[in-house]
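Trainee: predicted structure and sequence below. I'll ask about it afterward.
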Amino acid sequence: MTTTHTSTTPPHTANIDSSSTTATDFGLTYEQEACLKKQLMKIVVQKELENYIHDTSSISSTLFLSFLKQQLMIFPLLDSREKAREKLEELIQTLPQLLSVTQKATKHDIQDNKIRVFVVSFFNLAIRTTKERQHDMRLLEKNFNPDTEADVLEITDPQEKYRKTTALNTGAKLSHLAHSIFNEMEKDDGVSNFFKMMRNAQSLDQLSPLYQSAITLWGRLIAIAYEKKYSDANKVKMLKRMHVLTPTHAIKALLKMADPLTLLQGLIKLLFAKPFGTHNLVQKWAEVASEMKRTKTRLAEAHVRAHNDIKWIEYRSLKALLDWFHKHANETVLSFQEEVFDENNEDHQYQALLPADQLMNTIRQSNALTAKEYEMLPHFPQDVALLREILLLEIRLKEKHEFVELLGTPKIIEIMKEVIPIFYGPFSAFFCKSDISHQFEEMVHSTRDFVKASKEAANLPIEERVAVYEQLARRDQGDTFTFLHNATLNDDGGIEHSIQWYVNFLQFVHSRPALDIQSLMIPLSEQQRSALSQELDATIAYWKLAKEGRAQTHAPMLQIVPLLVPGFCELMKGRLDFHKSQSFQQGAQATKQ
């Protein structure tokens, strides 16, 4: 083991003295360090979420979740501390049920649900290892060349290579500007000066050149992301359906109301009313988001194939089996494993979650087939695969139905009616004075234009497709600026204090020395360190394949990484004591004032 001196000064806290900081070095690369930190965070957060779902009171003994809860309770935008605490506590008690049903409907298990992804992403960006911080500083160098990056050199698809190169190059430039913007924010009255600029400027062109350049680059990044996502025709169809379902005129009429409370009550009534039959608008949106119609279509097609192809089973037996699948699908427990789901074939990876022996036991349990028919099953693998597909589709459909129905239960509706106003209250001052109805109408028109542009740009070269999306993003940025300009004009201090709080939080995080993640390897033997390096390399390789949609197997099993979890938790505890920091005290004082 060697101990090397490394600079841990982040780009926007150059005044912090890191001369006494040393980092343990067992030879892990930047990618390996980043992977190790993220994997440890995923393991810890996953366990915290599992415990929380089974026992909501366990959140107080967690590391990451309790930190986020504490910050939410004292966030400056909350209208009433006591009321917020009461209602948010109620939501926290109900959230496990929402998580449990939502994770199934959105085809992700507890290991990959959106909350875990958010929590890990939040802390992954905020807390940097030694080599991550060195990498962050390198991105600020003016001679950064994305074409020499390993990630780019490994890409063979020309379109994906263009996306990656453009995104890296744009991101590097944006990081450089973000560094300058944050330095401005950190100055005395930095946030106040930003608000003055927003109040005085009448358009994007009147902002300082620094902000204009950053907004342009941000629009380009958005355009690249849009181009990749909406190259898929199914995604464009989904966006179009959401647009058609939205009652634009009714919402616009509500937004023109002068009384914010009446406005909010009207919107909530509209969202949770049931003019569509048995489902409210939120449930209708959920049906679209979960692609319920697509699953129903695939299930119907599979039923037709089964009756046409499986001729050796008596019609009566086959019908009884399929009916049993429909009635008892929710009783079949799948063996969830962490994996990346193919968004274009949402049920394909589910095949691995229902092993052949479990399928055979399920069919036997149905008592639908005769003994002879059951014995013949193994001799018809194609028919067995089709029956598995039908059962899995029935499970998916039940999961989606549960998700949609939950959003229409009185308890959930009541909580939403109570919780939403807590966050809405601070905006009421400027909500009346800002032309919100116009902003909403522009957003709807933008969605319509986006669907149209996606179809027209489908056959253009990738450079031209990105340019089309960038033009749309630029137009939307103008509308967003108008809204933010009005917001700053009518802000009573809540928004400004919230931004100040966030600046203080970033100062707190980045004023700490870089996370010496390799120090966790000290107790390991040489053999374990070598095995750890191999595990990290295998995981990194899998992530890259999964991102490109080429992963053919599950994520590699981790054996050494979990051994480091206790030490990692100890390493993190002191870094999350934000409440006792000077930055937090200053932010809290500013909020009170």
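Mentor: Right, received. Where do you want to start?
Trainee: and the strand or helix carrying T170, what does it pack against?
Mentor: T170 belongs to helix 158-186 when elements are defined using DSSP states H and E. Counting contacts by 3 or more C-beta pairs under 8 Å, 6 or more residues apart in numbering; DSSP states H and E, helix 158-186 packs against helix 130-139, helix 150-153, helix 190-200, helix 209-229, helix 462-490, helix 494-511. No exception for glycine: its C-beta is placed from N, CA and C like everyone else's.
Trainee: go again with 7 Å.
Mentor: Of the remaining helices and strands, those touching helix 158-186 by 3 or more C-beta pairs under 7 Å, 6 or more residues apart in numbering; DSSP states H and E are helix 150-153, helix 190-200, helix 209-229, helix 494-511.
Trainee: for that helix, which positions count as buried?
Mentor: When burial is assessed from 16 or more other C-beta atoms under 10 Å, helix 158-186 yields the following buried residues: 161-182, 184-186.
Trainee: quick one: least confident helix or strand in this structure?
Mentor: Taking mean pLDDT, DSSP states H and E as the measure, the helix or strand of the chain with the lowest value is strand 2-5, at a mean of 38.
Trainee: export only the CA atoms of the following helix or strand past that one, formatted as PDB.
Mentor: Of the helices and strands lying after strand 2-5 in sequence (DSSP H and E), the nearest is strand 22-25. Backbone C-alpha positions of strand 22-25 (Å, rounded to 0.1, in the frame of the first residue of the first chain) are rendered in PDB as follows:
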ATOM      1  CA  THR A  22      -3.800  12.300   2.000                       C
ATOM      2  CA  ALA A  23      -5.500   9.500   0.100                       C
ATOM      3  CA  THR A  24      -5.000   5.800   0.400                       C
ATOM      4  CA  ASP A  25      -4.000   4.300  -2.900                       C
END
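Trainee: tell me how far the helix or strand that strand 22-25 is followed by lies from the chain's centre.
Mentor: Toward the C-terminus, strand 22-25 is succeeded by helix 30-54 as the next helix or strand (DSSP H and E). Averaging C-alpha coordinates over helix 30-54 and over its chain gives two centres that are 15 Å apart (C-alpha atoms, centre = their mean, to the nearest Å).
Trainee: kindly report the same for stretch 246-254.
Mentor: The gap between the average C-alpha position of stretch 246-254 and the chain average comes to 28 Å, counting by C-alpha atoms, centre = their mean.
Trainee: check contacts around L204.
Mentor: With contact taken as C-beta atoms under 7 Å, 6 or more residues apart in numbering, L204 is in contact with Q212, I215, Q477, G478, F481.
Trainee: how close does the spatially closest residue to the first one that is not a sequence neighbour get to A371?
Mentor: In this structure, Q212 finds its nearest non-sequential neighbour in L204, 6.5 Å apart by C-beta to C-beta, 6 or more residues apart in numbering. From L204 over to A371 the distance is 75 Å, taken as C-beta to C-beta, to the nearest Å.
Trainee: just P562 next, same as before
Mentor: For P562 relative to A371 (C-beta to C-beta), the value is 46 Å.
Trainee: over to H179?
Mentor: The span separating H179 from A371 equals 73 Å under the rule C-beta to C-beta.
Trainee: same thing with W324?
Mentor: In this view, W324 and A371 are 16 Å apart by C-beta to C-beta.
Trainee: quick one, which of those two is more surrounded?
Mentor: W324 (18 against 8; other C-beta atoms under 10 Å).
Trainee: quickly find the element holding that one.
Mentor: Using DSSP H and E, the element containing W324 is helix 315-328.
Trainee: how far is that helix from where the chain is centred?
Mentor: Centroid displacement of helix 315-328 relative to its chain, using C-alpha atoms, centre = their mean, is 38 Å.
Trainee: before we move on, what about stretch 296-305?
Mentor: Computed by C-alpha atoms, centre = their mean, the chain-centroid distance of stretch 296-305 equals 31 Å.
Trainee: one more: stretch 299-316?
Mentor: Relative to its chain's centre, stretch 299-316 lies at 39 Å (C-alpha atoms, centre = their mean).
Trainee: repeat for stretch 358-368
Mentor: The chain centroid and the centroid of stretch 358-368 are separated by 37 Å under C-alpha atoms, centre = their mean.
Trainee: what sits up against that stretch?
Mentor: Applying C-beta under 7 Å, 6+ apart, the external contacts of stretch 358-368 come out as S317, A320, L321, W324, T332, L369, Y374, L377, L387, R388, L391.
Trainee: who wins for most neighbours among those?
Mentor: When the contacts of stretch 358-368 are compared by neighbour count (other C-beta under 10 Å), L391 ends up highest, at 26 neighbours.
Trainee: how close does A531 sit to K42?
Mentor: Counting by C-beta to C-beta, the separation of A531 from K42 is 19 Å.
Trainee: which one of these two is surrounded by more residues?
Mentor: For A531 against K42, the residue with the higher neighbour count under other C-beta under 10 Å is K42, and the figures read 20 against 15.
Trainee: how about the more buried one: what's its closest non-neighbour residue?
Mentor: Distance criterion C-beta to C-beta, 6+ apart; nearest residue to K42, sequence neighbours excluded, is V120 at 5.5 Å.
Trainee: tell me the contacts of the one you found?
Mentor: Listed by C-beta under 7 Å, 6+ apart, the contact set of V120 reads K38, M41, K42, V45.
Trainee: separation between the second one and K69?
Mentor: Using C-beta to C-beta, one obtains 17 Å as the distance from M41 to K69.
Trainee: kindly export the helix holding W324 (C-alpha atoms) in PDB.
Mentor: Listed next in PDB are the C-alpha coordinates belonging to helix 315-328 (Å, rounded to 0.1, in the frame of the first residue of the first chain):
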ATOM      1  CA  TYR A 315     -59.400 -27.100 -25.700                       C
ATOM      2  CA  ARG A 316     -61.300 -27.400 -22.400                       C
ATOM      3  CA  SER A 317     -58.000 -28.100 -20.500                       C
ATOM      4  CA  LEU A 318     -56.200 -25.200 -22.200                       C
ATOM      5  CA  LYS A 319     -59.000 -22.800 -21.500                       C
ATOM      6  CA  ALA A 320     -59.200 -23.900 -17.900                       C
ATOM      7  CA  LEU A 321     -55.400 -23.300 -17.500                       C
ATOM      8  CA  LEU A 322     -55.500 -19.900 -19.100                       C
ATOM      9  CA  ASP A 323     -58.500 -18.900 -16.900                       C
ATOM     10  CA  TRP A 324     -56.600 -20.100 -13.800                       C
ATOM     11  CA  PHE A 325     -53.600 -18.000 -14.900                       C
ATOM     12  CA  HIS A 326     -55.900 -14.900 -15.100                       C
ATOM     13  CA  LYS A 327     -57.500 -15.500 -11.700                       C
ATOM     14  CA  HIS A 328     -54.400 -16.500  -9.700                       C
END
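Trainee: which helices and strands sit right next to it?
Mentor: Helix 315-328 makes packing contacts with helix 292-309, helix 356-366, helix 381-406 when contacts are defined by 3+ C-beta pairs under 7 Å, 6+ apart.
Trainee: which of those is buried the deepest?
Mentor: helix 381-406 (a mean of 20; mean count of other C-beta atoms under 10 Å).
Trainee: which other helices and strands does that helix contact?
Mentor: In terms of contact count using 3+ C-beta pairs under 7 Å, 6+ apart, helix 381-406 is assigned the packing partners helix 81-105, helix 281-289, helix 292-309, helix 315-328, helix 356-366.
Trainee: which one, of the ones you listed, ends up nearest to F450?
Mentor: Ranking these by proximity to F450 (C-beta to C-beta) places helix 281-289 first, at 16.2 Å.
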